[in-house]
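**Student:** give me a 3D structure for the following:
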Amino acid sequence: MAHMNTPRISYAHLVTTVNPRHVASLLQFFEHGAKPEREDGYGVEIEHLPVRNGTDAAVNYYEPNGIETLLNRLRPYYDAEEEYWENGRLVGLGRAGISISLEPGGQVECSIGVLRRPEELLTTYGLFRRQIDPILDELGFRLVNYGYQPTTGYADVPVNPKSRYDAMTEYLGRVGKFGPCMMRCSASTQVSIDFQNERDAIEKLRIGTAVGPILAWFFRNTPYFEGQTNPYPLLRQLMWDALDPQRTGLIPGLYDPRFSWEDYAVDVLSTPLMFADLTHTPEAQGLPDAQKHRVAFRDNAGEIYPDRELNPYEINHVLSTHFNDVRLKNFIELRHWDSLPIDRAERLTEIVGSLFYDDANRQRLESYFDGINEFDVIAAKTGLQAHGAQSTPYGQPLEFWQEFLGLEGLLADDPGDPKHPDVFQA
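**Tutor:** Numbers count the residues shown, from 1 in each chain. Next up, the predicted model:
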C-alpha cells in the first residue's frame with residue numbers, strides 16, 4: 001500500500017496540564033504489563049442482556065426477581081472475599097479465573113481469563129452457565145447475546161446502583177450521541193491479548209485498529225435497535241464513534257512512526273476525565289461520598305488527582321475513561337464486537353490468536369498494513385457503514401478479507417433478519 005505518514009500531533013501545548021508524575025505512573029504500569037515471549041494469554045469478556053421470558057423486555061437491577069436477586073442467588077458459587085458491594089448493594093462476584101460484574105443497564109458481564117488456549121473459554125464459560133441457568137429459570141428471565149436490547153428502549157432501563165453511573169449519565173447525556181443508548185442497552189464481546197514490550201504493544205494496537213472494523217462486520221450481531229429492526233450496518237461502531245470524540249475512535253497519532261507509550265499517556269491524561277473517581281484516593285477520604293464521584297466536563301487527571309504517583313486504582317480509572325477501538329492497559333483490549341454466543345466468541349478468540357500470536361500471520365499483517373494511516377482506517381470504517389457488503393476496506397472486497405483473515409465459514413451478507421442463521425436465537 002502507498003506510504004503516507006500521519007501528520008505528527010504536537011503535545012507541546014498540553015505540557016502545563018499533564019503532571020509528569022502521572023505520566024511516569026502510566027509508563028511504569030505499561031512496562032509492568034509486558035509478558036515474556038511465548039507466554040501469550042487471552043482474556044475474554046462477554047456481556048449479556050437480561051430479558052424477561054415471554055415478553056423479551058429488559059430486566060433491571062431493582063425489580064422483583066431481577067438482577068439483584070440473581071447476584072444474591074449466585075453468591076454461594078463465588079468467593080466471599082471477591083464480592084463487590086456499592087451503596088449497600090451487591091454489584092459483583094468473583095472467583096479464580098472468572099468475575100461477574102454489571103454494566104450500567106444491568107447487563108451481566110462475564111470476564112474470563114487468563115486463558116492459554118482459546119478452547120479453554122468453553123470450559124470456564126460452560127460452568128458459569130450450568131450454575132446460573134437454573135437460577136434464571138426460577139426467576140423467569142434469561143441472558144441473551146445481542147448487541148442491543150431486543151424490545152426495550154434506553155429510556156425504560158434504569159442504571160444500577162454504582163455511583164459512577166450517575167456521573168456518567170450526566171456527562172454522556174450532554175455530549176455527542178448515543179451515550180444513554182450505549183450505557184443502558186448495548187452489550188459487547190471483548191478479547192484482550194498480551195504484549196512483550198513497547199514496540200510489540202504499538203504494533204498490535206495498529207493491527208487491531210486496522211482489522212477491527214472488518215472483523216466487526218463478520219461478527220456483527222445486532223438485529224434490533226430501540227425496539228425496531230436495526231437500520232445500521234455496524235451499530236456498535238456507530239454508537240462509539242458518535243459518543244464523545246475526545247475519548248473514542250482511533251488513538252491520536254497511533255500510525256506516526258514516532259508514536260510511543262508516552263504519547264498515549266499524555267493523550268489520556270490531558271483529556272477531561274468524564275467523571276472523577278476518588279474512592280481510592282487517600283487525600284479525599286474525608287469527602288462526602290457524593291463528591292467522590294462527580295462529573296468532570298473539563299477537569300483532567302492532573303486537576304483531579306494529587307501531585308504524586310498515581311495508585312493502581314487511579315491508573316485504571318484514567319485508562320478506563322477512554323474508549324478507543326483498541327485500548328491499552330497492562331494488556332491490549334480489542335473492543336469492536338457485539339455480544340456473541342459462546343461458540344462464536346470462541347471462534348473470534350481463535351481468530352484473534354491466529355492473527356496476533358502466530359508469527360507468520362503477524363508478519364503478513366504488518367507487511368500488508370505497512371504505510372497506512374489513520375485516514376485509511378477511518379475510510380474503511382466509514383465505507384463499511386455506508387456500503388455494507390459492497391464495501392471495499394483498504395481497497396479490497398470483503399471476500400478478500402474473509403480469506404486473508406481466516407474467516408471462512410462466516411457469513412458476509414446482512415444478518416439484520418432475526419431468523420438469519422448467523423444471528424443467535426434467544
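
**Student:** ok but His387 is inside a helix, no?
**Tutor:** Yes - per DSSP: H, G, I helix; E, B strand; the rest coil, His387 lies within a helix segment.

**Student:** from Gln107, how far out is it?
**Tutor:** For His387, the distance to Gln107 (CB to CB, to the nearest Å) stands at 30 Å. Where C-beta positions appear, they are placed from N, C-alpha and C, glycine not excepted.

**Student:** who has more neighbours out of these two?
**Tutor:** Set side by side, His387 and Gln107 give different neighbour counts by other CB atoms under 10 Å, the larger being at Gln107 (25 against 13).

**Student:** all strands of the stretch 51-200 of the chain, in order?
**Tutor:** 84-86, 89-95, 98-102, 108-115, 141-144, 188-193 (DSSP state E, counting those that start in this stretch).

**Student:** what's the burial count for Asn60?
**Tutor:** In terms of burial, Asn60 registers 19 neighbours under the definition other CB under 10 Å.

**Student:** ok, it touching Ile67?
**Tutor:** Yes - taking contacts as CB atoms under 8 Å, Asn60 lies within contact range of Ile67: 6.6 Å.

**Student:** mind telling me what element the most centrally placed residue in the chain is part of?
**Tutor:** In the chain, the C-alpha closest to the average C-alpha coordinate belongs to Arg335, at a distance of 4.0 Å (CA atoms, centre = their mean). According to DSSP states H and E, Arg335 maps onto strand 332-338.

**Student:** can you tell me what sits against that strand?
**Tutor:** With CB atoms under 8 Å, 6 or more residues apart in numbering as the contact definition, strand 332-338 has outside contacts at 146-147, 187-195, 201, 204-205, 208, 212-213, 215-216, 219-222, 235-237, 240, 323-327, 348, 352.

**Student:** so what's the closest residue to Glu86 other than its chain neighbours up against?
**Tutor:** Here the nearest residue to Glu86 in space, its sequence neighbours aside, is Lys162; by CB to CB, 6 or more residues apart in numbering that works out to 5.2 Å. Residues counted as contacts of Lys162 (CB under 8 Å, 6+ apart) are Glu86, Asn87, Val91, Leu102, Pro104.

**Student:** can you select the buried ones from those residues in PyMOL?
**Tutor:** Buried residues among these (16 or more other CB atoms under 10 Å), as a PyMOL selection:
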select buried, resi 86+91+102+104
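
**Student:** and the contacts of Lys162, which is closest to Ile135?
**Tutor:** Within the contacts of Lys162, distances to Ile135 taken as CB to CB reach their minimum at Leu102, with 15.7 Å.

**Student:** and that closest one, what does it touch?
**Tutor:** Residues in contact with Leu102 (CB under 8 Å, 6+ apart) are Tyr61, Ile67, Leu71, Val91, Gly92, Val108, Glu109, Asn160, Lys162.

**Student:** on the pLDDT front, check the last one for me.
**Tutor:** At Lys162 the predicted local confidence, pLDDT, stands at 88.

**Student:** do you know how far it is from Leu102?
**Tutor:** Distance from Lys162 to Leu102, counting by CB to CB: 7 Å.

**Student:** ok, back up a step: got TSV for the contacts of Lys162, with distance to Phe141 and pLDDT too?
**Tutor:** Rendered in TSV, the data for the contacts of Lys162 read as follows (distance: CB to CB, whole Å; pLDDT from 0 to 100):
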residue	distance to Phe141	pLDDT
Glu86	23	89
Asn87	23	86
Val91	18	97
Leu102	15	97
Pro104	18	96
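
**Student:** pick out whichever of the contacts of Lys162 sits closest to Ile304.
**Tutor:** Within the contacts of Lys162, the smallest distance to Ile304 is 20.1 Å, found for Glu86 (CB to CB).

**Student:** tell me how far that closest one lies from Asn72.
**Tutor:** Distance of Glu86 to Asn72, given as CB to CB: 14 Å.

**Student:** do Leu122 as well
**Tutor:** 27 Å.

**Student:** outside of the helix or strand bottoming out on mean pLDDT in the chain, which residues touch it?
**Tutor:** The helix or strand of the chain with the lowest confidence, counting by mean pLDDT, DSSP states H and E, is helix 289-292 at a mean of 80. By CB under 8 Å, 6+ apart, the surrounding residues in contact with helix 289-292 are Ser163, Ala276, Asp277, Leu278, Thr279, Thr281, Ala284.
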